[in-house]
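> Okay, predicted coordinates and the sequence, questions at the end:
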Amino acid sequence: MSSESSPSTTTSAPRAIVAGHGEFAAGLVSAVQQITGRGGQLIPVAVHQLSVEDIEDLLRRRMIEHGVRVIFTDLQAGSCTMASRKILRGMDDAVLVAGANLPTLLDFVFSEARPAPEAARHAAERGRAAIVVHGVAATGGPGGGEGR
Amino acid sequence: MTVELFRIDDRLIHGQVVVGWGQPLDIGFIVLVDDTVAASDWEQELYRMGVPPEMDVYFHSASDAIAAMPKYLAESRRGILLTGDIATMQRLVDGGVVHNVNIGGIHSKPGRVQRLRYVFLSPDEESQLRALATNGVKVSAQDLPGARDVSLPDLLAGSEL
């Protein structure tokens, strides 16, 4: 069944929903809270054992309750993304970021001066750019090194 | 190659299908059989955006799917056929194009009883599944390739809960 949790301390009102598989949302929001103390801007939503219709209903209710227009999800192909896209259809002022990661959310919670949809777009770019591969590839393929 | 999996999953295209089954089976296409989605360009676009670019998605109503199945069964790539409910899969079985049914996810709704972590069934739906098995169709539940394949008797007994 669904489950939600809030960080023990918050610094501001909710500005976005985080939803995904398993404990993805609670885990990421917990990490944001631990790093920044600003986890209260994010509402984690878990969707265990729910149909797409029920996920859609749950996310819509949370958006209305908290007056938010931004949803972060874990996977482009995921049920939360599918449900969110249905909800956001026709909502020109709302934003869905699929494939969100921790750097995405960290950037978002520090962008309080921007309107939340604009902050989400900016955060998505930061999250995309934050993926870095360390180490030297040994395959010799394009971009891979032979060892230096 | 052919259609590797005939799956009932009320979430249709989602992570378990695209990634959980799609990657280990090297799936090249998905046949999504649903009367509502087949009639909605917008919903088709929604589901197309959920799959990687190298994977094709084909949409059919139940009646159209029966006629189209020989083409998919002769495909050089591996595929998955999806329906969102038992009744739609029953129509494909009646059309003679499905002999094995995988129950991948039927979620909680009023009137349904939980039979497995990811399977909830109403009495009517249980009867539909029994009818499939009586007609020679192998019916089992398995959400992911590495999970146990739960037989229909075990599923209906709720012994895997």
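Alright, I've got the coordinates. Numbers count the residues shown, from 1 in each chain, chains lettered A, B, ... in the order given.
> contacting residues around the lowest-mean-pLDDT helix or strand in chain B?
Every helix and strand of chain B was ranked by mean pLDDT, DSSP states H and E. The lowest is helix B:15, at a mean of 91. Residues outside helix B:15 that contact it (C-beta atoms under 8 Å, 6 or more residues apart in numbering or on different chains): A:His21, A:Leu75, A:Ala77, A:Gly78, A:Ser79. Where C-beta positions appear, they are placed from N, C-alpha and C, glycine not excepted.
> With stretch B:70-83 instead?
With contacts defined as C-beta under 8 Å, 6+ apart, stretch B:70-83 is touched by B:1-9, B:12-13, B:17, B:21-22, B:25-34, B:58, B:62, B:65, B:89, B:92, B:97-98.
> Of the residues you listed, grab the buried ones for PyMOL.
In PyMOL syntax, the buried subset of the contacts of stretch B:70-83 is picked out as below (16 or more other C-beta atoms under 10 Å in any protein chain shown):
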select buried, chain B and resi 3+4+5+6+7+8+9+12+13+17+21+22+27+28+29+30+31+32+33+34+58+62+65+89+92+97+98
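> hmm, back to that, now the two most distant members of the contacts of helix B:15.
A:His21 and A:Ala77 (10.6 Å; C-beta to C-beta).
> With neighbour numbers in mind, choose between these two.
A:Ala77 (23 against 19; other C-beta atoms under 10 Å in any protein chain shown).
> Can you tell me how far A:Gly135 is from A:Arg128?
20 Å (C-beta to C-beta, to the nearest Å).
> can you check B:Pro52 too?
17 Å.
> re the thing from before, more neighbours: A:Gly135 and A:Arg128, which one.
Per other C-beta under 10 Å, whichever of A:Gly135 and A:Arg128 has more neighbours is A:Arg128, with 13 against 6.
> Now do the same for the more buried one: its pLDDT.
The score at A:Arg128 is 96. That number is its pLDDT.
> Does residue 30 belong to a helix, a strand or coil?
With no chain named, the answer covers chain A. Put simply, A:Ser30 is helix when judged by DSSP: H, G, I helix; E, B strand; the rest coil.
> wrong chain, I was asking about chain B
strand.
> who's in contact with it?
Counted by C-beta under 8 Å, 6+ apart, B:Ile30 has contacts B:Ile13, B:Val17, B:Val51, B:Met55, B:Asp56, B:Val57, B:Tyr58, B:Gly79, B:Ile80, B:Leu81, B:Leu82.
> Could you count how many residues lie near the residue nearest to B:Glu4 when sequence neighbours are not counted?
Nearest residue to B:Glu4, sequence neighbours excluded (C-beta to C-beta, 6 or more residues apart in numbering or on different chains): B:Arg78, at 5.0 Å. Close neighbours of B:Arg78, defined as other C-beta under 10 Å, add up to 17.
> quick one, phi psi at B:Arg78?
Per-residue torsions, B:Arg78: phi -90, psi 150 (degrees, to the nearest 10).
> Close to chain B: what parts of chain A are there?
A:1, A:21, A:49-52, A:54, A:75-79, A:81-82, A:85-86, A:89 (C-beta under 8 Å from any C-beta of the partner chain).
> Would you quantify the distance from A:Pro44 to chain B?
A:Pro44 sits 18 Å away from chain B, going by C-beta to the nearest C-beta, to the nearest Å.
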